[in-house]
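Peer 1: Have a look at this prediction, sequence included:
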Amino acid sequence: MRGNKTHSNLRRLAQYIRDILDNKKCFLVFAHNGTGKTRLSSAFKDLGKKMDKTTGIQSANTLYYNAFTEDLFTWNNDIDDDTDRRLTFNKSSRFFGGLKGFDIENRIRKLLDIYADFDFTISYEEGYVTFSREVKNIRNEIVTEDHIKISRGEENIFIWCFFLAVAQLAIEGIPEYSWVKYIYIDDPISSLDDNNVVAVACHLARLLEGSDIKTVISTHHTLFFNVMYNELGKKEVAARYLAKNDETGRYFTRDTGDTPFFHHVALLQQLKVASDSGKLYTYHFNIMRNLLEKTATFHGFDKFYDCIKFGDSEVNIGIHRRMVNLLSHGGYSIFEPLEMVEDNKQIFKEILSRFLELYKFNEELFQ
């Protein structure tokens, strides 16, 4: 297929993306969690670092949003008095180098108002953010609660809006961010529902539309990937599906073509390969449930187990349903995989086999 390519490691993959961006404005990556998206963003960023041998100063050319960006912010929860709660940020990072004097708070606030109902104040000199929220008191009066602790989801949204405001400064050509040649965004939408995912994708596409800065966006979220692909314009975008061969450690990219990638097919391929090889781990039940739920929704069923009733007795249906329920809610991690016991492997294979008998897919997918 056009655009298929194998990469021996993430550094070579990052260089491949940079080479593609010589002729494209944006590179979109769809990959499942655990594939290495965050490490890829770091490899891409590291390729842009240059050391000046004369001054000893290291330069960079990539403004990035990933898990490391979120780590620039840490909470000081005022353990002693539990009143002066602050979200501190690392002032030494270049990310915060050009904030003062550019009305950054109002830039962030315009974005944040779309998704949240709290306000904030930035202390640039000391490097922290405090939050407040208007609430009704017992007399039904509107009062402001200061120094509140926001939720983890609200924190992620705030940091995302903070990043967008900084990216906007770079796109506008503010001298303090003239070093930015690339923007790399890795999975910005983990705390948003589908309606807000569309809003984020559309707004991001508009923000990048008039920019000369090349952009990489990686995500495991199908809707976000599809909206970005269509909003950015097909001629301007290289869109790839990314996967890893665990046995060889190599990565491969596949051109998604003119049709946005349907990730349920990749999920099914992954499960079939695992089933055929016998290398089944507990997290495969999480993937199985995800696939069953999407299939049930598509066909109008209320419950995921309506998709595993084909040719089965009521006793086996109950066993299969309980197994999927039990083993898909265990919090199993793909980073610390636990292999299934043989009995569970057999049940998994039966469920997958019956699913493939009921819902026909192209056999060539599994070759």
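Peer 2: Arrived safely, thanks for sending.

Peer 1: When you work out contacts or count neighbours from here on, use the C-alpha atoms and nothing else.
Peer 2: Noted.

Peer 1: Validate this expectation: K279 resides in a strand.
Peer 2: No: K279: not assigned to a strand; according to DSSP: H, G, I helix; E, B strand; the rest coil it is coil.

Peer 1: What count of nearby residues applies to it?
Peer 2: 13 (other C-alpha atoms under 10 Å).

Peer 1: Isn't it up against E339?
Peer 2: Yes: when contacts are counted by C-alpha atoms under 8 Å, K279 is listed as touching E339 (7.4 Å).

Peer 1: Check the secondary structure at H203 for me.
Peer 2: Here H203 is recorded as helix under three-state DSSP.

Peer 1: and it, how far is that from N61?
Peer 2: 23 Å (C-alpha to C-alpha, to the nearest Å).

Peer 1: With M51 instead?
Peer 2: Look at M51 and N61: by C-alpha to C-alpha, they are 12 Å apart.

Peer 1: Comparing those two, which shows the higher neighbour count?
Peer 2: Comparing M51 with N61 by other C-alpha under 10 Å, the one with more neighbours is N61, at 18 against 11.

Peer 1: Pretty sure the more buried one sits against Y184.
Peer 2: No: taking contacts as C-alpha under 8 Å, N61 lies outside contact range of Y184: 10.5 Å.

Peer 1: Who are the contact partners of Q15?
Peer 2: For Q15, the contacting residues are 44, 47, by C-alpha atoms under 8 Å, 6 or more residues apart in numbering.

Peer 1: T215 pairs with what?
Peer 2: T215 has these beta-bridge partners by DSSP bridges: C26, I183.

Peer 1: Local confidence estimate at it?
Peer 2: pLDDT recorded at T215 is 96.

Peer 1: From what I see, it and F27 are in contact.
Peer 2: Yes: T215 is within contact range of F27, at 6.4 Å (criterion: C-alpha under 8 Å).

Peer 1: Overlap of the contact sets of these two?
Peer 2: Counting by C-alpha under 8 Å, 6+ apart, nothing touches both T215 and F27.

Peer 1: how is the chain carved up into domains?
Peer 2: As assigned by automatic domain parsing, the chain contains the domains 1-61+181-261, 68-158, 263-366.

Peer 1: from the chain's centre, how far out does the second one sit?
Peer 2: The offset between the C-alpha centroid of domain 68-158 and the centroid of the whole chain comes to 23 Å, using C-alpha atoms, centre = their mean, to the nearest Å.

Peer 1: Any idea how far apart the tips of it sit?
Peer 2: Domain 68-158 has an end-to-end distance of 15 Å (criterion: C-alpha to C-alpha).

Peer 1: tell me the average confidence for it?
Peer 2: 88.

Peer 1: And stretch 285-292, by the same measure?
Peer 2: 78.

Peer 1: so how far is it from its chain's centroid?
Peer 2: For stretch 285-292, the distance to the chain centre is 19 Å (C-alpha atoms, centre = their mean).

Peer 1: buried stuff in that stretch?
Peer 2: 285-289, 291-292 (16 or more other C-alpha atoms under 10 Å).

Peer 1: In helices, which of those fall?
Peer 2: The helices, defined by DSSP state H, take in 285-289, 291-292 from the buried residues of stretch 285-292.

Peer 1: Out of those residues, which is nearest to T83?
Peer 2: Of all those, T83 sits closest to N286, with 40.4 Å by C-alpha to C-alpha.

Peer 1: State the distance from the closest one to F348.
Peer 2: 11 Å.

Peer 1: My guess is T74 contacts K91. True?
Peer 2: No: the criterion here is C-alpha under 8 Å, and T74 misses it with K91 at 11.9 Å.
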